[in-house]
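[1] turn this into a model:
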Amino acid sequence: MDEFKEKLSNFYNKFNENKRLDTRHGQVEFLTSLKYIHEYLEPGDKIVDIGAGPGRYSLYLKSEGYDVTAVEYVRPNIGMLRAKDKYIRIVEANAVDLSMFKDDEFDVGIMFGPMYHLYKKEDRLKALNEAKRICRKYLFVTYIMNEYAVIEYAFKDDNYRQIKDKLTADFHIDDPDNLFFQVRIEDIDELNKEAGLKLLKRFASDGPTDYMRSVINKMDDETFEAYLRFHQATCERKELLGASSHIVDVLEKQN
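    Coordinates of the predicted model:
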């Protein structure tokens, strides 16, 4: 096992992604992402979930009758996914090399994890190009935003002195040893252009939610439902996107 894969495996052995998505604040991200995915899916579509993690999206979409292939790189996540559904198709692979799949083998690709962990631009571009190659219609790609990470971890959690050497003069995080990589809108736009992908829609999957997790987790049902409606009504607003913790691009190949 290479060093990076070992670090990822150790992290996901400890971090419970399913538990996060089961919380109220996690449900905002999950339900919002599903809302947009459903807008583009058609009956009979074949879906590839690249970086499927423990399979929350894969298993949900499979339960709706879609043909789903889950691609995952680290064994702890594969084990959790397999424990929930022993029949789902799982392929152990890194997002930068999907050579086991044919061109246009799938209709829709979901990539809700790999861009978090690919520090080198060339690797992020490879991952986008591989997903583009194997998907005929649409891609959904998620990123962690730089400003969220700076606000949350440097200042809100009072870690500035510990991480100040990992911040550029304009406060872009530059830390190749970190498991997570953060971007700005212009970074994503540059990748899409180089990969020959057309942006159809961009939305914040969680918006301000992660800043106020404890508040949202304590909301009563009526207030939470109102917050979810508010978020989904505003999650495409350009002035809010950069401060979200995650954003999702809906992409298609350029003609």
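[2] please count neighbours and contacts with C-alpha atoms only from this point.
    Will do.
[3] the nearest residue to residue 201 once chain neighbours are set aside in helix, strand or coil?
    Of all residues beyond its chain neighbours, the one nearest residue 201 is residue 250 (5.1 Å), with distances taken as C-alpha to C-alpha, 6 or more residues apart in numbering. Under the three-state scheme (DSSP: H, G, I helix; E, B strand; the rest coil), the conformation of residue 250 reads as strand.
[4] quick one, what contacts residue 250?
    In this structure, residue 250 makes contact with 138, 139, 140, 141, 199, 200, 201, 202, judged by C-alpha atoms under 8 Å, 6 or more residues apart in numbering.
[5] which residues does the fourth one bridge with?
    For residue 141, the beta-bridge partners under DSSP bridges are residue 111, residue 249.
[6] and for the fifth one?
    Residue 199 forms beta bridges with residue 251, as assigned by DSSP bridges.
[7] contacting residues for residue 85?
    Residue 85 is in contact with residue 59, counting by C-alpha under 8 Å, 6+ apart.
[8] residue nearest the middle of this protein, spatially speaking?
    Within the chain, one residue has its C-alpha closest to the average C-alpha position: by C-alpha atoms, centre = their mean, that is residue 112, at 2.6 Å.
[9] where do the strands sit along the stretch 1-150 of the chain?
    Using DSSP state E, counting those that start in this stretch, the strands of the stretch 1-150 of the chain run over 46-50, 67-72, 89-92, 106-111, 135-145.
[10] how about JSON lines for those strands, with distance to residue 14, mean pLDDT and mean neighbour count added?
    As requested, the strands of the stretch 1-150 of the chain are arranged in JSON lines below (distance: least, C-alpha to C-alpha, whole Å; pLDDT from 0 to 100; neighbours: other C-alpha atoms under 10 Å):
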{"stretch": "strand 46-50", "distance to residue 14": "21", "mean pLDDT": "98", "mean neighbour count": "24"}
{"stretch": "strand 67-72", "distance to residue 14": "17", "mean pLDDT": "97", "mean neighbour count": "23"}
{"stretch": "strand 89-92", "distance to residue 14": "20", "mean pLDDT": "96", "mean neighbour count": "16"}
{"stretch": "strand 106-111", "distance to residue 14": "22", "mean pLDDT": "98", "mean neighbour count": "24"}
{"stretch": "strand 135-145", "distance to residue 14": "20", "mean pLDDT": "97", "mean neighbour count": "23"}
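[11] those strands: which one's closest to residue 235?
    Nearest to residue 235 among the strands of the stretch 1-150 of the chain is strand 135-145 (13.9 Å), distances taken as C-alpha to C-alpha.
[12] thanks a lot, catch you later.
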